[in-house]
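Asks: sequence first, predicted coordinates after that:
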Amino acid sequence: MSKVVLGGGLGGLSAAYYLAKTAPKPAITLLESSARTGGWVKSTPQQNGIVFEQGPRTLRISGDAGLNTLQLVEDLNLGNKILPIVSSHPAAKNRLIYAHGRLNSLPNTGIQFITKSTLFSKPMGAYLFNDLFAKKKDVHDEPIYDFVERRFGKEIAENLISPMICGICAGNAHEISVKFLMRKMFELEQGYGSLIVGAFKYFSAQRKVKKPKKVFGPLAVKAKQQKWSIYSFTGGCETLPLALSENLLKNNVNIKLNTSCKSVTFDGKQATLTLSDNKTISTDHVISAVPSAVLGALVQNQHPDLGNLLTNLAKNVSVGVVNLHFKDNILKDQAFGVLVAPKENLPILGIIFDSCCFSGKSSGTALTVMMGGYWFEQHFGKNPTEQKLLEIAISQVKHILNVQSEPETSKVNILHQCLPQYIVGHDDTLQKINDYIDTHNLPISLCGASYYGVGINDVIMSARNAVNKIA
């Protein structure tokens, strides 16, 4: 019995980890086309004690997926390396939006919720009442911008949701499916015609349902007691994939780096993978953690319909990541960071205040500027130089944060085609893909950011679910 995992990012590493825990233990081969595992998660420590994150930088503990990751962290003995941010910390409470040509604070207290702010023309709480008078629209899916504008008004759609989508998936709220971020709200509207009425009826019904008591591990209990909001690790987020890789090697998982797959074909209950060196591997099951379009190309010849579905599932966008460190404290506001409203037509998505989140032993100010996404080519062209991105990033930091200082250290990284866009109809296409696989009894399972969520927790949970399905 053998298993092959395609892709050595967090999805592939997690899938191999969960496979190695099944009984009977299969022979596992993990194929990674690059020279390292970890995918987009990459942390680069600097001499001044800071860590430049060139990809994801924090994890949330909320929800089943968050608790699942905490359990994984505990199983890997990484609990003593966690850097938590508690709910009372400025980085957990404070969020800034750049709109109307200025910085605006999002309301985070009850008083602020019913008080007019610079971001909106009336108190944020007042927009909730729009829902009671908004008309239901019978649709199977729609852009998240349209849904929010209809239920809460244009200002919420433009100044809150659109920047949030930039921060989560570097995408355009006019194209992203409402089910990506607001699935429950969408379902409440479709079921009850109103979010407020639907929420009241839903939670009233839930109180009457007896649910099995959840059993939490020691780390999850600690996180709950100490009111963690988000966390990272000493050494950065890459601590997690490095620990997974080390665990896999100890469990005799064959990790083949610099090895890409050229095609995947199926014959009954077997799959054959042709590799970049023209060698082949046969296996009784493949778990694919590579982007859907990549997998689509691999199966296209034998299963063109499946290949087309996978290719069209989610287009990916590129993001420029510019890490900056300033000698002095240049932040006037302590917060997680600032997101830029797309209507401002600026070439950046937002700025993360790393030194506010995790100050560590460093002094001064560490920032990360996220650039491009859906609008990457529009602002920078197809092949911008790192120097061009650096100059634009510094210019935007000076403009938005109103600072004059020059950074003493910087690092630029372009993440090509890194974030999938869950556009309207994503769920329908994904269902067709799964139906095709089931109907044709293909020995392949899917996990990773292309399918069930783009966050670290979502990717790890999708890997666990994929393994559970075949185990």
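Replies: That came through, no problem.

Asks: and the helix or strand that contains L132, C-alpha only, in PDB?
Replies: Element membership of L132 [criterion: DSSP states H and E] is helix 130-133. Output in PDB follows, covering the C-alpha atoms of helix 130-133 (Å, rounded to 0.1, in the frame of the first residue of the first chain):
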ATOM      1  CA  ASN A 130     -30.600  48.400   6.700                       C
ATOM      2  CA  ASP A 131     -30.900  44.600   6.800                       C
ATOM      3  CA  LEU A 132     -34.500  44.800   8.300                       C
ATOM      4  CA  PHE A 133     -35.700  46.700   5.200                       C
END
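
Asks: what is it packed up against?
Replies: helix 144-152, helix 195-207 (3 or more Cβ pairs under 8 Å, 6 or more residues apart in numbering; DSSP states H and E). Where C-beta positions appear, they are placed from N, C-alpha and C, glycine not excepted.

Asks: can I take it that A463 is in a helix?
Replies: Yes: under DSSP: H, G, I helix; E, B strand; the rest coil, A463 falls within a helix.

Asks: I'd say it and Y18 touch.
Replies: Yes: counting by Cβ atoms under 8 Å, A463 does reach Y18; the two are 6.2 Å apart.

Asks: how about the host helix or strand of Q396: buried residues?
Replies: Per DSSP H and E: Q396 is located in helix 386-401. Neighbour-count burial for helix 386-401 flags L389, L390, I392, A393, I394, Q396, V397, I400, L401 (criterion: 16 or more other Cβ atoms under 10 Å).

Asks: point out the most buried one among the helices and strands packed on helix 130-133.
Replies: Per residue and on average, the most neighbours among the helices and strands packed on helix 130-133 fall to helix 144-152, with a mean of 22 (mean count of other Cβ atoms under 10 Å).

Asks: compute the number of surrounding residues for the nearest residue to K343 once chain neighbours are set aside.
Replies: Spatially, and ignoring its direct neighbours in sequence, K343 is nearest to E158 (5.6 Å; Cβ to Cβ, 6 or more residues apart in numbering). Using other Cβ atoms under 10 Å, E158 has 18 other residues around it.

Asks: looking at it, A199 is touching G191, isn't it?
Replies: No: applying Cβ under 8 Å as the test, A199 and G191 come out as separate, 10.8 Å apart.

Asks: if you count what's nearby, which of A463 and Y18 comes out ahead?
Replies: Neighbour count, other Cβ under 10 Å: between A463 and Y18, A463 has more, with 30 against 20.

Asks: what's the distance between the residue most central in space within the chain and A20?
Replies: Closest to where the C-alpha atoms of the chain average out (Cα atoms, centre = their mean) is G455, at 2.5 Å. Using Cβ to Cβ, to the nearest Å, G455 is found at 24 Å from A20.

Asks: next one: G350
Replies: 38 Å.

Asks: the two: which has the busier surroundings?
Replies: Between G350 and A20, counted using other Cβ under 10 Å, G350 has the larger neighbour count: 25 against 18.

Asks: that one in helix, strand or coil?
Replies: Of the three states, G350 takes strand according to three-state DSSP.

Asks: what is it paired to in the beta sheet?
Replies: For G350, the beta-bridge assignment (DSSP bridges) gives partners L339, M370.

Asks: that one is in contact with G337, isn't it?
Replies: Yes: here G350 reaches G337: they are 5.9 Å apart, a contact under Cβ under 8 Å.

Asks: which pLDDT value goes with G217?
Replies: Predicted confidence (pLDDT) for G217: 88.

Asks: same check on H174?
Replies: 98.

Asks: OK, contacts around the closest residue to it other than its chain neighbours?
Replies: For H174, ignoring the flanking residues on the chain, the nearest one in space by Cβ to Cβ, 6+ apart is Y145 at 4.8 Å. Each residue near Y145 by Cβ atoms under 8 Å, 6 or more residues apart in numbering is listed here: A157, I161, S162, A173, H174, I176.

Asks: if I look at the last one, how far off is Q421?
Replies: In this case it means I176. Taken as Cβ to Cβ, the span from I176 to Q421 is 6 Å.

Asks: which neighbours do these two share?
Replies: Residues touching both I176 and Q421 (Cβ under 8 Å, 6+ apart): C169.

Asks: for I165, what is the enclosing helix or strand?
Replies: Counting by DSSP H and E, I165 is found in helix 162-169.

Asks: again, but for I156
Replies: Using DSSP H and E, I156 maps to helix 154-156.

Asks: pull out the buried positions in that helix.
Replies: Buried residues in helix 154-156 (16+ other Cβ under 10 Å): E155, I156.

Asks: just stretch 288-301 next, same as before
Replies: Buried residues in stretch 288-301 (16+ other Cβ under 10 Å): 288-300.

Asks: against which helices or strands is the lowest-mean-pLDDT helix or strand in the chain packed?
Replies: Sorting the helices and strands of the chain by mean pLDDT, DSSP states H and E puts helix 110-113 at the bottom, at a mean of 78. Based on contacts counted as 3+ Cβ pairs under 8 Å, 6+ apart, the elements that helix 110-113 packs against are helix 124-128.

Asks: confidence-wise, which of the helices and strands packed on helix 130-133 is weakest overall?
Replies: If you rank the helices and strands packed on helix 130-133 by mean pLDDT, helix 195-207 sits at the bottom with a mean of 85.

Asks: and after that helix, which helix or strand comes next?
Replies: Next element after helix 195-207 (DSSP H and E): helix 218-225.

Asks: returning to what we had before: switch the helices and strands packed on helix 130-133 over to TSV; also include distance to F52.
Replies: Shown next, in TSV, are the helices and strands packed on helix 130-133 (distance: least, Cβ to Cβ, whole Å):
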stretch	distance to F52
helix 144-152	31
helix 195-207	40
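
Asks: S410: what secondary structure?
Replies: Under three-state DSSP, S410 comes out as strand.

Asks: what residues are up against the residue nearest to it when sequence neighbours are not counted?
Replies: Nearest non-adjacent residue to S410, counting by Cβ to Cβ, 6+ apart: L324, 5.2 Å away. For L324, the contact set (Cβ under 8 Å, 6+ apart) comprises A366, L367, T368, V369, A393, I394, V397, P407, T409, S410.

Asks: I figured the second one hits G350, correct?
Replies: When you say that, I think you mean L367. No: assessed by Cβ under 8 Å, L367 is found out of contact with G350, at 10.4 Å.

Asks: that older thread, list the contacts of the helix holding L132.
Replies: Helix 130-133 has contacts (Cβ under 8 Å, 6+ apart) with R151, F152, G153, S194, L195, I196, V197.

Asks: among these, which two are most distant?
Replies: G153 and V197 (18.3 Å; Cβ to Cβ).

Asks: distance of the nearest residue to A471 once chain neighbours are set aside from V5?
Replies: Distance criterion Cβ to Cβ, 6+ apart; nearest residue to A471, sequence neighbours excluded, is T22 at 4.8 Å. Noted for T22: a distance of 13 Å to V5, by Cβ to Cβ.

Asks: can you tell me the element P384 falls in?
Replies: Assessed by DSSP H and E, P384 sits outside every helix and strand.

Asks: what about it, neighbour count?
Replies: Using other Cβ under 10 Å, P384 has 19 other residues around it.

Asks: please consider this matter closed, and thank you.
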